[in-house]
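In: heads up, no residue letters with this:
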């Protein structure tokens, strides 16, 4: 009898609870190992176990919620042997004296998902994959992948699986019902440690909410602009009000040749031939045509070159653009990282109305019976993006921000925030020290 493999991930959302219940109802002995367990996961498969509690030889769990531990208590009361239930507390070690936490909360943990059933005829079935013992995983709501192996119990694959389960159980401790408050606390510590680990976005406190127009251009002639010279360029009209009301700085970086993209240019600002810190002296929004005082101009945001003006200088602004004139105050002092988002904040999902997660009638009935999903939430829709929860300006302003972001291809950029270069790395290094 050879071992056969059935792929359980033709699509990511594949319900396996019914397959598990079927094998559990037919098996003589069962061993279950899961990295994480919820009460809904237990209830999704507990029917065959309650009908014959003696068949559950081993259940090893890495972490669980309080209600899941309470469900283990219910299985004990139904007749599952106390020795069958074990908890793997992972690995950790003490931190330095005086640290905020006396141990590392985010730590190596048991992450296996192995469900083995031995049948009366000498065959075995094993589910191996990514499915935790949770309702979302087993009922086909998560995107998961797994394989069902079936064959003679003496085959090498099942020997290796039994050894893995034995090793996981040996590393675990017996489940103690009087300690479930402590176990749930330990799970919380892990997730809070994971939350701290994932907080590797820049600290909003190390960036100032200082608007900056960042202009990147190639040098078309020499000499370069000097202090007091006037430079002309254009920006989307919707951004003009921000420049007027917020005393926006203008930083101009001149390269021998413009880098291939705005993003690349921003990463190479230190290699610019020169930098110019400028002050706005004029904004014209009537489309232009009149003579303007300017010594230099940049006429193409996509292929920017800093050129000398010819007198009289009578530029005509492009559609939806505003004319800006700045005077050179000196070089840009310091090195900056320019940021084009609003920083940490609330976001909302954008739903794809054409892509829905629709469960079968049987699965929907179980989802509702477990209170896993309120009825009004069925079906769920696929999320195709995230947008800020609150827009800070008009539609035109939001469009203008996108047009003046590096992704647009424009080399005349509008940065909402900035920070000193290197401050993010220092903040992250400080944050990663043991607490």
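Out: Arrived safely. Here the structure is a predicted model, which means the values were calculated and not measured.
In: please make it C-alpha for all contacts and neighbour counts, starting now.
Out: Fine.
In: who does the strand or helix carrying residue 60 pair up with?
Out: Take DSSP states H and E as the rule and residue 60 turns out to sit in strand 56-64. According to DSSP bridges, strand 56-64 forms sheet pairs with strand 29-37 (parallel), strand 85-87 (parallel).
In: which secondary element of this structure has the worst mean pLDDT?
Out: Sorted by mean pLDDT, DSSP states H and E, the helices and strands of the chain end with helix 423-431, the least confident at a mean of 49.
In: in the helix or strand following the strand holding residue 60, which residues are buried?
Out: Using DSSP H and E, the helix or strand that follows strand 56-64 in sequence is helix 66-78. Neighbour-count burial for helix 66-78 flags 66, 68, 69, 70, 71, 72, 73, 75, 76 (criterion: 16 or more other CA atoms under 10 Å).
In: list the contacts for the fifth one?
Out: For residue 71, the set of contacting residues under the criterion of CA atoms under 8 Å, 6 or more residues apart in numbering consists of 39, 42.
In: please apply the same query to the first one.
Out: Residue 66 sits next to 180, 181, 183, 184 when contact means CA under 8 Å, 6+ apart.
In: and which of those residues is nearest to residue 142?
Out: residue 184 (23.1 Å; CA to CA).
In: right, and that closest one touches residue 70 too?
Out: No: Residue 184 sits out of contact with residue 70 when judged by CA atoms under 8 Å, with a separation of 10.3 Å.
In: can you show me the strands along the stretch 251-400 of the chain?
Out: Applying DSSP state E, counting those that start in this stretch to the stretch 251-400 of the chain gives strands spanning 274-284, 296-297, 305-308, 321-330, 336-339, 347-357, 380-388.
In: make CSV from those strands and add mean neighbour count to it.
Out: Output for the strands of the stretch 251-400 of the chain, formatted as CSV (neighbours: other CA atoms under 10 Å):
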stretch, mean neighbour count
strand 274-284, 19
strand 296-297, 22
strand 305-308, 22
strand 321-330, 20
strand 336-339, 20
strand 347-357, 12
strand 380-388, 13
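In: so which residues of the stretch 151-300 of the chain form helices?
Out: Taking DSSP state H, counting those that start in this stretch as the test, the helices found in the stretch 151-300 of the chain are 156-171, 180-198, 240-246, 262-267.
In: next, the angle strand 56-64 makes with the first one.
Out: Per axes from the mean of the first three to the mean of the last three CA atoms, to 10 degrees, the angle that helix 156-171 makes with strand 56-64 is 60 degrees.
In: ok, residues contacting helix 156-171?
Out: Helix 156-171 is touched from outside by 3, 31, 33, 58, 60, 86, 88, 110, 114, 116, 124, 126, 153, with contacts defined as CA under 8 Å, 6+ apart.
In: please apply the same query to the second one.
Out: When contacts are defined by CA under 8 Å, 6+ apart, helix 180-198 is touched by residues 63, 64, 65, 66, 69, 70, 104, 105, 106, 107.
In: next, the angle strand 29-37 makes with that helix.
Out: Per the same axes, to 10 degrees, the angle that helix 180-198 makes with strand 29-37 is 50 degrees.
In: in helix 180-198, what's buried?
Out: 180, 183, 184, 186, 187, 188, 189, 190, 191, 193.
In: one more: stretch 102-117?
Out: Of all the residues in stretch 102-117, those buried under the rule 16+ other CA under 10 Å are 103-107, 109-117.
In: would you format these as CSV with distance to residue 13 included?
Out: Below are the buried residues of stretch 102-117 laid out as CSV (distance: CA to CA, whole Å):
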residue, distance to residue 13
103, 37
104, 34
105, 31
106, 28
107, 29
109, 25
110, 24
111, 20
112, 19
113, 17
114, 18
115, 19
116, 22
117, 23
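In: now those residues in JSON lines, with secondary structure and pLDDT?
Out: As requested, these are exported to JSON lines (DSSP: H, G, I helix; E, B strand; the rest coil; pLDDT from 0 to 100):
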{"residue": "103", "secondary structure": "strand", "pLDDT": "86"}
{"residue": "104", "secondary structure": "coil", "pLDDT": "85"}
{"residue": "105", "secondary structure": "coil", "pLDDT": "88"}
{"residue": "106", "secondary structure": "coil", "pLDDT": "87"}
{"residue": "107", "secondary structure": "coil", "pLDDT": "88"}
{"residue": "109", "secondary structure": "coil", "pLDDT": "93"}
{"residue": "110", "secondary structure": "coil", "pLDDT": "95"}
{"residue": "111", "secondary structure": "coil", "pLDDT": "96"}
{"residue": "112", "secondary structure": "coil", "pLDDT": "97"}
{"residue": "113", "secondary structure": "strand", "pLDDT": "98"}
{"residue": "114", "secondary structure": "strand", "pLDDT": "98"}
{"residue": "115", "secondary structure": "strand", "pLDDT": "98"}
{"residue": "116", "secondary structure": "strand", "pLDDT": "98"}
{"residue": "117", "secondary structure": "strand", "pLDDT": "98"}
